[in-house]
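Chemist: 3D model of this:
(one chain, ligands or ions: 1)
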Amino acid sequence: MTAVQVPGTPVISDGRLVSTSPATGDEAGSVPVATAGEVGRAVARARTAGQWWAGLGFTGRRTRLLRWRALLAQRVEELAELIHVEGGKPVGDAVVEVLTAIEHIDWAARNARRVLGPRRVRSRLILAEFAGHLEYQPHGVVGVIGPWNYPVFTPVGSAAYALAAGNAVVLKPSEYTPVVGQWLVDTFAEVVPEQPVFTAVHGLGDVGAALCRSGVDKVAFTGSTATARAVMAACAESLTPVLLEAGGKDAMIVDADADLDAAAEACVWGALTNAGQTCIGIERVYAVAPVYDEFVGKVVARAERLTVGADSADLGPITMPSQLDVIRRHIDEAIAAGGRAVVGGPAAVQPPYVHPTVLVDVPESASAIREETFGPTVTITRVADADEAVRRANALPYGLGGSVFGRRDAVAIARRLRSGMASVNSALTFAGMSTLPFGGVGDSGFGRIHGEDGLREFGRAKSVTRRRARSLLPAMTFERTPTDVARIVKITKALYGRR
Ligand code: NDP
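Modeler: The predicted model follows:
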């Protein structure tokens with residue numbers, strides 16, 4: 001084993017980033033660290049490769065992306081094991097993560113032409129003598145910066161859509177999961193050996209910053225809100241467009257007519273899967289008074305049953321060791337502010353693990369309610385009714401996802417959540433539906449991956465008008481006469497002047 005102080009903390013040794021398991025400290029692998037110059041050269045190579053890739057057209061790209069999808073599906077166990085070793089995630093969760101990523105590759109490949117390809121656009125009465133054409137052309141090179149918590153799902157959610165749209169991609173994986181990132185680009189190179197269309201550069205945050213300044217044509221960032229700000233500031237220097245998928249503090253609302261068993265099951269899953277290290281994880285629950293006690297009881301019973309450990313457990317270790325301090329602080333401050341732990345509590349933090357913790361009676365001002373915890377903890381708060389639940393859910397600057405359990409009003413409540421996504425009578429499911437856009441509002445970022453919006457995010461609209469007849473009323477020419485202008489005034493009033 002390479003000498004590391006804390007298992008899971010990456011170290012740089014002899015110009016290589018050495019990645020270790022947060023559970024055992026065993027080495028997961030190592031990758032070369034890129035200098036700023038090497039990042040620039042990777043982007044330059046990608047630019048040439050991107051022209052070749054764009055030239056393949058939608059059909060050529062679709063064939064190759066579907067081949068990559070098939071390769072991932074055939075090697076799902078190998079990739080899941082690597083995710084497990086490098087990040088600590090239980091193998092079953094890793095399998096589900098890979099499946100979700102594969103589905104996104106499949107959908108993006110199959111739908112890129114329909115969504116982005118050239119099409120005619122109807123003109124209106126004015127300019128009726130012109131035809132409209134619209135297509136979405138690739139930006140060129142897209143820089144994808146990814147986090148460690150879903151090291152396949154998150155970068156693929158951007159990269160597959162960017163590639164399907166005809167861009168080359170340079171990926172900067174998180175320093176905590178570089179080996180998984182390298183695996184992704186290596187397997188892509190197996191099916192697209194001709195050109196470096198999808199490559200990776202590795203290192204710490206400075207490599208991500210170098211990628212932002214490398215002349216890429218767009219940056220798709222997934223990570224914390226604080227880093228999202230730094231990324232946007234760096235990209236502002238060159239007006240490089242950005243897509244920001246940042247943090248969240250998603251709420252679940254449990255209404256009076258909810259199926260409480262289903263709600264409790266989804267709450268425990270949504271809050272504790274991947275040991276709570278999920279951007280769209282449920283971190284707060286607002287349950288209406290009539291069902292509050294019964295709901296809490298059902299959550300407690302399920303959370304207590306979960307196992308924690310390195311292998312074959314429900315919850316694995318905390319991937320980024322420094323996150324343990326944040327989780328500990330949120331639990332401690334919640335208790336100090338008058339909250340109670342009905343499962344877990346301060347003693348639940350046993351590095352590198354945190355056992356499930358369910359907190360009640362926590363004031364809304366506490367960090368456990370206001371800040372992203374990113375651990376296997378959840379607060380449950382009693383509210384008078386759904387209106388109060390929505391008000392509290394919407395009170396934070398974050399607005400990523402959310403969940404509502406109920407029958408009669410559940411969809412209406414979901415629509416009132418200030419968030420980019422919501423799931424009714426389930427948790428997190430919108431992430432796997434490739435036909436739906438994914439992204440947040442406020443401190444959770446902007447722009448969308450997945451679905452049609454996700455494809456359009458990686459193409460720039462190219463609009464073309466084409467004359468198909470002579471203009472009967474010359475308007476956009478110095479050759480129009482005062483009589484023409486008088487006619488234009490008349491037409492303006494006739495067409496738009498009525499109330
Ligand atoms: P970070 O913001 O710490 O890092 C994200 C990526 O940015 C990493 O690759 C990191 O590199 C890189 N980076 C760090 N500094 C810079 C910089 N100055 N310029 C450019 N890139 C930089 O997030 P985490 O990896 O800790 O991921 C957890 C966060 O991601 C949570 O807040 C979570 O909510 C969010 N997230 C959001 C999702 C969404 O879709 N909205 C999905 C998944 C997670 P390095 O690791 O080397 O420091």
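Chemist: quick one: average confidence on stretch 149-157?
Modeler: When pLDDT is averaged over stretch 149-157, the result is 98.
Chemist: any idea how far that stretch is from the chain center?
Modeler: A distance of 8 Å separates the centroid of the chain from that of stretch 149-157, by Cα atoms, centre = their mean, to the nearest Å.
Chemist: Does the ligand have contacts with that stretch?
Modeler: Yes: judged by Cβ under 6 Å from any ligand atom, stretch 149-157 and the ligand are in contact via 149-150, 154. Just so you know, the C-beta spots here come from the backbone N, C-alpha and C atoms, and that holds for glycine as well.
Chemist: Reformat these into JSON lines and put neighbour count next to each item.
Modeler: Shown next, in JSON lines, are the residues of stretch 149-157 next to the ligand (neighbours: other Cβ atoms under 10 Å):
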{"residue": "N149", "neighbour count": "26"}
{"residue": "Y150", "neighbour count": "28"}
{"residue": "T154", "neighbour count": "28"}
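Chemist: any chance of those in TSV, with secondary structure too?
Modeler: Shown next, in TSV, are these (DSSP: H, G, I helix; E, B strand; the rest coil):
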residue	secondary structure
N149	coil
Y150	coil
T154	helix
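Chemist: Show me what stretch 264-272 is in contact with.
Modeler: Residues from elsewhere that reach stretch 264-272 (Cβ atoms under 8 Å, 6 or more residues apart in numbering): 250, 252, 254, 278, 281-283, 285, 295, 298-299, 301-303, 306, 314-315, 356, 376-378, 380, 403, 405, 425-428.
Chemist: ok, 7 Å please
Modeler: Stretch 264-272 is contacted by residues 252, 281-283, 285, 295, 298-299, 302-303, 306, 315, 356, 376, 378, 403, 426-428 when judged by Cβ atoms under 7 Å, 6 or more residues apart in numbering.
Chemist: Just the buried subset of those, written out for ChimeraX, thanks.
Modeler: Burial among the contacts of stretch 264-272 is assessed by 16 or more other Cβ atoms under 10 Å; the matching ChimeraX selection reads:
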select :252,281,282,283,285,295,298,299,302,303,315,356,376,378,403,426,427,428
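Chemist: Among the contacts of stretch 264-272, which lie within helices?
Modeler: 295, 298-299, 302-303 (DSSP state H).
Chemist: who's in contact with D314?
Modeler: 90, 306-307.
Chemist: burial count for A233?
Modeler: 12 (other Cβ atoms under 10 Å).
Chemist: could you give the mean pLDDT of the longest helix seen in the chain?
Modeler: Assignment by DSSP H gives helix 91-116 as the longest helix of the chain. For helix 91-116, mean pLDDT is 98.
Chemist: Which secondary structure elements does the next helix or strand along the chain from it sit against?
Modeler: Counting by DSSP states H and E, the element after helix 91-116 in chain order, helix or strand, is strand 119-121. With contacts defined as 3 or more Cβ pairs under 7 Å, 6 or more residues apart in numbering; DSSP states H and E, the packing partners of strand 119-121 are strand 130-138.
Chemist: Name the next helix or strand downstream of the strand it packs on, please.
Modeler: strand 141-145.
Chemist: Any idea how far that next one is from the middle of the chain?
Modeler: 14 Å.
Chemist: what number of residues lie near L71?
Modeler: 16.
Chemist: That one reaches D186, doesn't it?
Modeler: No: using Cβ atoms under 7 Å, L71 makes no contact with D186, being 10.5 Å away.
Chemist: Looking at the contacts of D314, spot the one nearest the ligand.
Modeler: P90 (17.5 Å; Cβ to the nearest ligand atom).
Chemist: That closest one reaches A313, doesn't it?
Modeler: Yes: checked against Cβ under 7 Å, the pair P90 and A313 is within contact range at 6.4 Å.
Chemist: quick one: which of the two has more around it?
Modeler: P90 (23 against 15).
Chemist: residues touching the residue nearest to the more buried one when sequence neighbours are not counted, list them.
Modeler: Closest residue to P90 apart from its sequence neighbours, by Cβ to Cβ, 6 or more residues apart in numbering: G316 at 5.3 Å. Residues counted as contacts of G316 (Cβ under 7 Å, 6+ apart) are 23, 88-90, 275, 310.
Chemist: does the closest residue to the ligand within the stretch 251-400 of the chain belong to a helix or a strand, and which?
Modeler: Distances between the stretch 251-400 of the chain and the ligand by Cβ to the nearest ligand atom are smallest at C279, namely 3.1 Å. Here C279, judged by DSSP H and E, is contained in no helix and no strand.
Chemist: so how far is I280 from the residue lying closest to L417 once chain neighbours are set aside?
Modeler: Spatial nearest neighbour of L417, excluding adjacent residues (Cβ to Cβ, 6+ apart): G402 at 4.5 Å. The gap separating G402 from I280 is 9 Å, by Cβ to Cβ, to the nearest Å.
Chemist: Which one's more surrounded, these two?
Modeler: Taking neighbours as other Cβ under 10 Å, G402 and I280 compare with G402 leading, 31 against 25.
Chemist: And the contacts of D314, which is closest to T177?
Modeler: P90 (15.4 Å; Cβ to Cβ).
Chemist: contacting residues for the closest one?
Modeler: 84, 313-314, 316.
Chemist: count of residues packed around the residue of the stretch 251-400 of the chain closest to the ligand?
Modeler: Around C279 there are 28 residues (other Cβ under 10 Å).
Chemist: go on, D385?
Modeler: 13.
Chemist: and the closest residue to the residue of the stretch 251-400 of the chain closest to the ligand other than its chain neighbours, what does it touch?
Modeler: Of all residues not flanking C279 in the chain, G248 sits nearest, at 5.2 Å (Cβ to Cβ, 6+ apart). With Cβ under 7 Å, 6+ apart as the criterion, the residues that contact G248 are 279-280, 372, 398, 400-401, 440, 444.
Chemist: Swap in 8 Å and give it another go.
Modeler: 279-281, 283, 372, 398-401, 440, 444.
Chemist: Redo those as a markdown table? Include pLDDT and distance to R467.
Modeler: Output for the contacts of G248, formatted as a markdown table (pLDDT from 0 to 100; distance: Cβ to Cβ, whole Å):
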| residue | pLDDT | distance to R467 |
| --- | --- | --- |
| C279 | 98 | 49 |
| I280 | 98 | 49 |
| G281 | 98 | 54 |
| E283 | 98 | 57 |
| E372 | 98 | 54 |
| Y398 | 98 | 49 |
| G399 | 98 | 45 |
| L400 | 98 | 46 |
| G401 | 98 | 47 |
| G440 | 98 | 43 |
| S444 | 98 | 45 |
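Chemist: Just the ones in strands from these, please.
Modeler: Among the contacts of G248, the ones falling in strands (DSSP state E) are 283, 398-399.
Chemist: hmm, which two among the contacts of P90 are most spread apart?
Modeler: Once Cβ to Cβ is applied, these give H84 and D314 as the farthest pair, at 13.4 Å.
Chemist: residues near the closest residue to S434 other than its chain neighbours, how many?
Modeler: Leaving aside its sequence neighbours, S434 sits nearest to W107 (Cβ to Cβ, 6+ apart; 3.6 Å). Counted with other Cβ under 10 Å, residues neighbouring W107 total 22.
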